[in-house]
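Asker: please find the sequence and the predicted model below.
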Amino acid sequence: DRPNAPYVEDGALNHSLAFIVMGRNDGAGRITLNANGDADIDWDADASRADFFHAIDAELREYARALGARHVSNPVWRMNNRETLITAHPLGGCALADSSDAGVVDEFGRVFNGSGATHAGLYVADGAVIPSALGANPLLTISALAERIAEHIA
């Protein structure tokens, strides 16, 4: 008995199976600061995703057919008559690296300054420090990095 649940015994959701897919993209995007101090994002989203997502969709169609089911693509993906990316774990943007030439933060999450040292008291401790997609759920990696960085802040 679920009196408050939006449930219809013979409804479509009662006969649905959701697939959650993770993968790795090329990570070719770049964020830089322009002369005004604003972020400029350089990322060709169409080139980065088309083949990858169409291959995933084709594979899911095969899974559905093997189960005797009908595949319905993610409706969010086709909002506004275009393929729209979504993510549950955004990664990158402040990549962890050995130097400011290669990334934004050091192994302790400290933000590099322009001279190769770090800014005092300025840290990044989330998924932004992971430089590219992992191909697996990044929750534990993000958590471990955040804990390690927090230990060095204290």
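Answerer: That came through, no problem.
Asker: now do the phi/psi pair for the most centrally placed residue in the chain.
Answerer: Nearest to the mean C-alpha position of the chain, counting by CA atoms, centre = their mean, stands Pro90 at 3.1 Å. Pro90 has phi and psi values of phi -60, psi 130 when expressed as degrees, to the nearest 10.
Asker: quick one: the nearest residue to it once chain neighbours are set aside from Arg24, how far?
Answerer: Nearest non-adjacent residue to Pro90, counting by CB to CB, 6 or more residues apart in numbering: Gly127, 6.1 Å away. (Glycine included, C-beta is placed from N, CA and C.) Going from Gly127 to Arg24 by CB to CB, to the nearest Å gives 15 Å.
Asker: who's more crowded, those two?
Answerer: Comparing Gly127 with Arg24 by other CB atoms under 10 Å, the one with more neighbours is Gly127, at 21 against 11.
Asker: based on its surroundings, how many neighbours for Leu91?
Answerer: Burial of Leu91 is recorded as 19 neighbouring residues (other CB under 10 Å).
Asker: surely it touches Leu134?
Answerer: Yes - assessed by CB atoms under 8 Å, Leu91 is found in contact with Leu134 at 7.5 Å.
Asker: which segments of the protein make up each domain?
Answerer: Domain ranges of the chain: 1-86, 90-154, per automatic domain parsing.
Asker: most tightly packed of those domains?
Answerer: domain 90-154 (a mean of 15; mean count of other CB atoms under 10 Å).
Asker: tell me the strands beside the strand ranked longest in the chain, with direction?
Answerer: Looking across the chain with DSSP state E, the single longest strand is strand 118-123. Sheet pairing here is set by DSSP bridges, and for strand 118-123 it gives strand 110-112 (antiparallel).
Asker: hey, where'd the strands end up in the protein?
Answerer: Under DSSP E, the chain gives strands at 30-33, 39-42, 110-112, 118-123.
Asker: now do the contacts for Asp42.
Answerer: Asp42 makes contacts with Gly29, Arg30, Ile31, Thr32, as judged by CB atoms under 8 Å, 6 or more residues apart in numbering.
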